[in-house]
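Visitor: please find the sequence and the predicted model below.
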Amino acid sequence: MKRWFLFRSRTKSEEELRIIRFIIKRFGHRPKNIQLFQRALTHKSISNTSDQLVSNERLEFLGDTVLDAVIADYLYHKFPEEDEGYLTKIKAKIVSRKSLAGIGQSMGIAQHIRYQKGRSIRLSTLEGNALEALIGAIYIDANFETAHKSIHHYMLRFHVDLTQLLEKEIDFKSKLYIWTQKNHIDIDFKTIKEDFVKGVWHYEVEIYINNTAYGKGEGSSKKAAEQMAAKETLSLIGEIE
């Protein structure tokens, strides 16, 4: 005679339910292992007070790496004509401590962080670190693709203003990109001349907006030529004098 047993999962605590709802709302992921996410929200200031608690430092390390890869992939496809230096500069702005702290604050992560109150701890720092730890938790709880979707469709979409980040750049090319993004216009930088004469490179670049030629620029590097072309284009469209 066979006997069947019905195993019921234990009832989740109110804290666990709050974390689950938070992760679903802010990251679009339903946690399978809730303990991972509790750990991601546990700061070392309180984990040091109990053998039962583990800090989020290891998950933060992992999440930092995952976030870096996803942002690099996003920018690589977002700006197909940009060089490595430009992409690195923009990525650094998005994943900076200040930026991540702002994103964490916008998401309301502070409401769920476990830390030892009363100590001189900057909550903004905790939020940025916990954000990375949560990304690490999603990666372990699911996979890289799930973490990628969470960052792209939730974090970047709702909490990163790329235009505002670009506005802080002072170069003409960035200003032109901002203008085209605001006006939903296609832009293309075309190298029309590339010579190497007597040990010196010479480049000429022309900018096309919606397939119409605008400014031209020359320089000893492609980047310098693009800057000059962008400056002339901004002048032609009346964005600078």
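Guide: Sure, I can see it.

Visitor: where's the longest helix belonging to the chain relative to the chain centroid, distance-wise?
Guide: In the chain, with assignment by DSSP state H, the single longest helix is helix 57-78. Its chain's average C-alpha position is 7 Å from that of helix 57-78, according to Cα atoms, centre = their mean, to the nearest Å.

Visitor: check which residues of it are buried.
Guide: 59-60, 62-64, 66-67, 70-71, 74-75 (16 or more other Cβ atoms under 10 Å). All C-beta atoms are positioned from the backbone trio N, CA, C, and that covers glycine.

Visitor: got it, and stretch 214-225?
Guide: Here stretch 214-225 shows 214-217, 219, 222-223, 225 as buried, counting by 16+ other Cβ under 10 Å.

Visitor: then stretch 231-241?
Guide: Of the residues in stretch 231-241, those buried (16+ other Cβ under 10 Å) are 231-234, 237.

Visitor: can you list the residues that contact the helix or strand where Asp188 lies?
Guide: Element membership for Asp188, per DSSP states H and E: strand 187-197. The contact list for strand 187-197, computed with Cβ atoms under 8 Å, 6 or more residues apart in numbering, reads 81, 176-177, 180, 201-209, 211, 216, 222, 225-226, 229.

Visitor: quick check: next helix or strand after that strand?
Guide: Following strand 187-197 in sequence, per DSSP H and E, is strand 200-209.

Visitor: just checking, what packs against that following strand?
Guide: With contacts taken as 3 or more Cβ pairs under 8 Å, 6 or more residues apart in numbering; DSSP states H and E, strand 200-209 sits against strand 187-197, strand 212-219, helix 222-236.

Visitor: neighbouring strands of it in the sheet, and parallel or not?
Guide: strand 187-197 (antiparallel), strand 212-219 (antiparallel) (DSSP bridges).

Visitor: pLDDT of that strand, averaged?
Guide: Averaged across strand 200-209, pLDDT comes to 93.

Visitor: do stretch 62-76 as well
Guide: Throughout stretch 62-76, pLDDT has a mean value of 96.

Visitor: all numbers from here: first residue = 68
Guide: Done: numbering now begins at 68, and the last item shifts to stretch 129-143.

Visitor: contact partners of it?
Guide: 107, 149, 154, 157-158, 161-162, 198-204, 206-207, 211, 214-215, 218-219, 223.

Visitor: could you rerun that using 6 Å?
Guide: Outside stretch 129-143, the residues that touch it by Cβ atoms under 6 Å, 6 or more residues apart in numbering are 154, 157-158, 161-162, 199-200, 202-203, 206, 214-215, 218.
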